[in-house]
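Enquirer: Provided below are the primary sequence and the corresponding predicted coordinates.
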Amino acid sequence: MPLDNVVFWVFAPISIASAIGMLLMRNAVHAALFLVVNFFCLAVFYLILDAPFLFAVQIIVYAGAIMVLFLFVIMLLGVDRGDDLRERLVAQRPLAIALAIAFVVEITLAVRAGIGFSTLAPDGFDAVNQPGNAQAVARVLFRGYFFPFEVTSILLIIAAIAAMVLGQRKARAVTQAELEAMEVGSA
Amino acid sequence: MLDPRVLVNIDWLWAVLVIPLGVAVVNLFLGRRLGKLAGWIASAAVGVSFLLSLEAVRELLGASAEGRLAIEHLFDWISVGGFTVGATLRLDLLSATMILVVTGVGLLIHVYAIGYMDGDPRFGRFFAYLNLFVFFMLLLVLADNYGLLYVGWEGVGLCSYLLIGFWFENRENASAAKKAFITTRVGDTLMLVGLALIVREFGTLNFSAVFGTAGQTITEGTATAISLLLFAGAIGKSAQLPLHVWLPDAMAGPTPVSALIHAATMVTAGVYLVVRSAPLFELSDIALTVVLLVGLLTMLFAGTCALAQDDIKRVLAYSTISQLGFMFMAAGMHFYTGAIFMLVAHAFYKALMFLGAGSVMHGMHEETDLQRMGGLIRRMPVTGWTFLVGAFALAGVWPLAGFFAKDQILEVANRTGREWVYLLGTLGALLSALYIGRLLFLAFFGKARTEEAEHAHESPFVMTVPLLVLAAGTIVAGLLLSTNAEGRLASSLEAVVGPLPAEQGGLSTAALLVIATAIALGALAVAWWVYASGRVDRLALRERLQPLPRAARNGWYVDRAYSTVIVDPATAAARFSANVFDRKVIDGAVNGIGAGTRRLAASARRLQTGFVRTYALGFFLGAVGVLLWLGTR
Amino acid sequence: MRTPIAYFIVLSGILFTLGTLGVLLRKNALLIFMSVELQLNAVNLALVAFSRMHLEVDGQVIAFFSMVVAAAEVVVGLAIIVAVYRRRGTVDVDQARGLAG
């Protein structure tokens, strides 16, 4: 059996299992860690899909930055304690699961009708990835997708500013009464 | 299309109509401020109309016998496609007679009303309504087409309603007004159908156009239909059987109203209509027979009722109904000029007697019960003696106007071989002499039966002068307008309505004259004997004749029959509609829509749970749905 | 590579569905957010798979952009969640019922 196949059939179950694990964990930190596992699996998939650049970016950005951010906030807020798993909304669980199954079935059928389950990836991706995947990506990115590139840069700056603004604690103006109270207290 | 006979040109004819209308509007708005002056300017308006009418008639008579016609076209009122109804006035001898009666008698009644309505809080409005009535009545008789005539027809009906119910604070008066309006409405609606038929057959409502071609254009069946429908309107307006029930109740209105509207003018509109439409009626023997029969039956029916009433005005009301029946009888025998002659005579003596009754009421503090009067001629001489003139005229005593009118009609009946009509007509004349004699003697002669009758007082000048003028008119009219076919009024009207019926023998004029006078005087003598001489016990006599007097008094229970058969079911239906249907079904539906919307909203509201997760579920549901749809396409 | 592309797509669908279930069934705002990230990643996988199938790198570029935007989104989203926590003392989304009809 080809290596790709093996890799796929090893990591696919792991990714699904880690996703399910993330869903079921009561502790938020545990859930986050499961998600990190899931991201690693996805990175591997990128690798076998001839996208080594994305493999690296996935690990650096998603697993390395985003999930770390998540964990910071979870710890900061102290909400890692148990999430109440009782479901208050009527019919939410059954409906959601039913719809989920329906969705998966639909995707499968759509795929079967579209590209079919036997289509293999065509050869010749090496020709595309010249002289390397990064260069290929750069070639497309800085030409065709240049405008979106610039826009996303601005987007990042805005996001950073927004985070700073939203994170502020507003200093309340001290009233005269409070000022006197403080002086009396220290006197 | 101009009538080739038009030779007289009177272009101020509209003023006759408009002056009362203008003063009516003035009184309507400024009446309260004018006070008693309102009455005087209203009377002056009618007076001016009268003078203008005199002048117009004078000019009309100046023309040759064939050219006595004046038409004044004011403007096109309705103009739709090829159908036009013009606001056009027509003055020929028939309408000339009518306008003179309306304005002349109307003037006297206006003056009388200044005294009668003195002190009434709505004095000004009363005169506004009276003037408005005069306007509509003049419009009715001066109209040159059926459309304009119908406007006047409805207008006088409206004014009648307003005036009967003038003292509307009293529920009975309002009911009487309503009854008058609704009852005449029945006739009016049928008349409107008749007008529609005329339009369908002739394409126009213009008199000259319709009458000119009637003989060639329509079949006898159509003519019968049209004539009967028009006559239905006349039955309503002129209070004939079976639509007579409103007139006795209409006596609830002020007495000048009874005199003007329900004796001299409005109720005669029906007679006018039939006479004016003579060319149409002439084409249908059936229609004329119906007119004759209705007139005959009404005359006898109302005559018996009049004999049993104790209310002075109700006697006069039934009398009017009966006398109108007489007029329709004449018309039914092709004797149109006779009908008009009687109309004129009746206007004088009936108005006179109504005003006299009003004077009695005024002097007896609004008492109308005959049983509580007596000997009033000593206390109210002017009223009494003028009333006597009127009563004698109605009874048909020579040489008063009433005698000539009745005698002519009976003579025609006799001469044209209608023996039954002659006999029953004579019986009717006997009845009328009896009931008016009873009224006269019970009220004015004999001994005063109550305190009030002892101390009654005569009415002021403003009321007695019109009485005198009317009495004089009654006396003079008979003499001026003569009795036989060669007479002036007869021949002059002939130009309008066609020749008199052919005569076929019968009794001589002299014989008829003797019979008529004998009946009149005989009946009056009997009445005097029973009611005034004090030698007969009236009340015992009445008791012995029961239940006839009671039935006659109640109008032979026609009213009660209508009430049970028509009014009660209608009221029940109305009550059902209002209380059940309107409240439950319609309101229920409307409120139900509101309530239903609210319920729908309440259940829709539950979608807005506030939980973000349910909204997310909604998204997912939508996404799955869209995929499904895409997939199955 | 001998694995049919369709398998990647189906896997992507399964992961996406699991992410959706997380959004629908968990009450902790942070967990919901993480489920959204899972969804985004599933989509990225599909993009890259198709890109491989069509012999282009455009899909990879789009996946790259998706990651960038996801990063920005996480930053802002977490800031909001912190602000809300400061105000309400909880991150339970079921407590945010103010707009209930």
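Expert: Perfect, I can see it now.
Enquirer: list the contacts for residue B:26?
Expert: Remark: with contacts taken as C-beta atoms under 8 Å, 6 or more residues apart in numbering or on different chains, residue B:26 is in contact with B:41, B:128. Quick note: C-beta positions are derived from backbone N, CA and C, even for glycine.
Enquirer: just checking, next helix/strand downstream of the strand or helix carrying it?
Expert: Secondary-structure assignment from DSSP states H and E places residue B:26 in helix B:13-34. The helix or strand immediately downstream of helix B:13-34 is helix B:37-62, counting by DSSP H and E.
Enquirer: Could you list the buried residues of that following helix?
Expert: By neighbour count on 16 or more other C-beta atoms under 10 Å in any protein chain shown, the buried set for helix B:37-62 is B:37-50, B:52-53, B:56-57, B:60.
Enquirer: residues of the helix holding residue B:26 that come out buried?
Expert: Neighbour counts using 16+ other C-beta under 10 Å place B:13, B:16-21, B:23-24, B:26-28, B:31, B:34 of helix B:13-34 among the buried residues.
Enquirer: low-confidence ranges in chain C?
Expert: Low-confidence segments of chain C, defined by pLDDT under 70: C:1, C:101.
Enquirer: Quick one: the helices in it, in order.
Expert: When secondary structure is read from DSSP state H, chain C shows helices at C:5-25, C:29-54, C:58-88.
Enquirer: name the helices or strands packed onto the first one?
Expert: This points to helix C:5-25. Here helix C:5-25 touches helix A:3-24, helix A:92-114, helix B:612-632, helix C:29-54, going by 3 or more C-beta pairs under 8 Å, 6 or more residues apart in numbering or on different chains; DSSP states H and E.
Enquirer: and if you look at the longest one?
Expert: Using 3+ C-beta pairs under 8 Å, 6+ apart as the contact test, the elements touching helix C:58-88 are helix A:52-57, helix A:67-77, helix A:133-141, helix A:146-167, helix C:29-54.
Enquirer: So which of those is nearest residue A:117?
Expert: If you check each of the helices and strands packed on helix C:58-88 against residue A:117 by C-beta to C-beta, helix C:29-54 wins as the nearest, at 13.3 Å.
Enquirer: The closest one near chain A anywhere?
Expert: Yes - on the criterion C-beta under 8 Å from any C-beta of the partner chain, helix C:29-54 is in touch with chain A at C:30-31, C:33-35, C:37-38, C:41, C:44-45, C:48-49, C:51-53.
Enquirer: Mind telling me the two of the residues you listed farthest from one another?
Expert: Across these (C-beta to C-beta), the longest gap, 35.3 Å, separates C:30 and C:53.
Enquirer: Those two: who's more crowded?
Expert: Between residue C:30 and residue C:53, residue C:30 has the larger neighbour count (other C-beta atoms under 10 Å in any protein chain shown), namely 24 against 21.
Enquirer: for the buried residues of helix B:13-34, which one is nearest chain A?
Expert: Of all these, the one with the least separation from chain A (C-beta to the nearest C-beta) is residue B:28, at 73.7 Å.
Enquirer: any idea how far that closest one lies from residue B:124?
Expert: Between residue B:28 and residue B:124 the computed distance is 8 Å (C-beta to C-beta, to the nearest Å).
Enquirer: now residue B:413
Expert: For residue B:413, the distance to residue B:124 (C-beta to C-beta) stands at 48 Å.
Enquirer: again, but for residue B:89
Expert: The spacing between residue B:89 and residue B:124, counted by C-beta to C-beta, is 29 Å.
Enquirer: so where's chain B shaky on pLDDT?
Expert: Applying pLDDT under 70 to chain B flags the ranges B:1-7, B:65-67, B:480-507.
Enquirer: Show me which residues of it sit near chain C.
Expert: Within reach of chain C by C-beta under 8 Å from any C-beta, chain B has these residues: B:605-613, B:616-617, B:620.
Enquirer: about what we covered before: between residue B:413 and residue B:124, who's got more neighbours?
Expert: Here residue B:413 and residue B:124 are set side by side on neighbour count (other C-beta under 10 Å), and the busier one is residue B:413, at 29 against 26.
Enquirer: now for the helix or strand encompassing the more buried one, which elements pack on it?
Expert: Following DSSP H and E, one finds residue B:413 within helix B:401-415. Contacts of helix B:401-415 with other secondary structure elements, assessed using 3+ C-beta pairs under 8 Å, 6+ apart, are made with helix B:312-332, helix B:336-363, helix B:381-395, helix B:419-444, helix B:461-480, helix B:509-527.
Enquirer: Name the residues of chain A found near chain B, please.
Expert: A:89, A:92, A:95-96, A:99, A:102-103, A:106-107, A:109-110, A:113.
Enquirer: top of those by neighbour count?
Expert: Using other C-beta under 10 Å as the neighbour definition, the residues of chain A next to chain B reach their maximum at residue A:96, which records 24 neighbours.
Enquirer: ok, it to residue A:39 distance?
Expert: When distances are taken as C-beta to C-beta, residue A:96 and residue A:39 turn out to be 24 Å apart.
Enquirer: same thing with residue B:8?
Expert: Counting by C-beta to C-beta, the gap between residue B:8 and residue A:39 amounts to 117 Å.
Enquirer: ditto for residue B:9
Expert: Counting by C-beta to C-beta, the gap from residue B:9 to residue A:39 is 114 Å.
Enquirer: Equivalent analysis for residue A:46, please.
Expert: Counting by C-beta to C-beta, the gap from residue A:46 to residue A:39 is 10 Å.
Enquirer: between the two, what contacts are shared?
Expert: Overlap of the contact sets of residue A:46 and residue A:39 (by C-beta under 8 Å, 6+ apart) consists of residue A:58.
Enquirer: give me the number of residues near the nearest residue to residue B:163 once chain neighbours are set aside?
Expert: Taking C-beta to C-beta, 6 or more residues apart in numbering or on different chains as the measure, residue B:163 lies nearest to residue B:257, with 4.3 Å between them; neighbours along the chain are not counted. The burial metric for residue B:257, expressed as a neighbour count using other C-beta under 10 Å, is 30.
Enquirer: Going by neighbour count, which residues of the helix or strand where residue B:257 lies are buried?
Expert: When elements are defined using DSSP H and E, residue B:257 is found to belong to helix B:255-259. Residues of helix B:255-259 classed as buried by neighbour count (16+ other C-beta under 10 Å): B:255-259.
Enquirer: which secondary structure elements does that helix contact?
Expert: For helix B:255-259, the elements it packs on are helix B:93-116, helix B:146-164, helix B:312-332, helix B:336-363, judged by 3+ C-beta pairs under 8 Å, 6+ apart.
Enquirer: May I see the ones you listed organised as JSON lines, with mean neighbour count added?
Expert: Converted to JSON lines, the helices and strands packed on helix B:255-259 look like this (neighbours: other C-beta atoms under 10 Å in any protein chain shown):
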{"stretch": "helix B:93-116", "mean neighbour count": "25"}
{"stretch": "helix B:146-164", "mean neighbour count": "23"}
{"stretch": "helix B:312-332", "mean neighbour count": "27"}
{"stretch": "helix B:336-363", "mean neighbour count": "28"}
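Enquirer: could the ones you listed go into CSV alongside distance to residue B:632?
Expert: Putting the helices and strands packed on helix B:255-259 into CSV (distance: least, C-beta to C-beta, whole Å) gives the following:
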stretch, distance to residue B:632
helix B:93-116, 87
helix B:146-164, 71
helix B:312-332, 86
helix B:336-363, 90
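Enquirer: tell me which parts of chain B are close to chain A?
Expert: The interface of chain B toward chain A, taken as C-beta under 8 Å from any C-beta, is made up of B:609, B:611, B:613-614, B:617, B:620-621, B:623-624, B:627-628, B:631.
Enquirer: do you know how far the nearest residue in space to residue B:155 that is not next to it in sequence is from residue B:352?
Expert: Nearest-residue entry for residue B:155: residue B:136, 3.0 Å, with adjacent residues in sequence omitted and distances by C-beta to C-beta, 6+ apart. Using C-beta to C-beta, residue B:136 is found at 23 Å from residue B:352.
Enquirer: Phi, psi for residue B:79 please.
Expert: phi -140, psi 100 (degrees, to the nearest 10).
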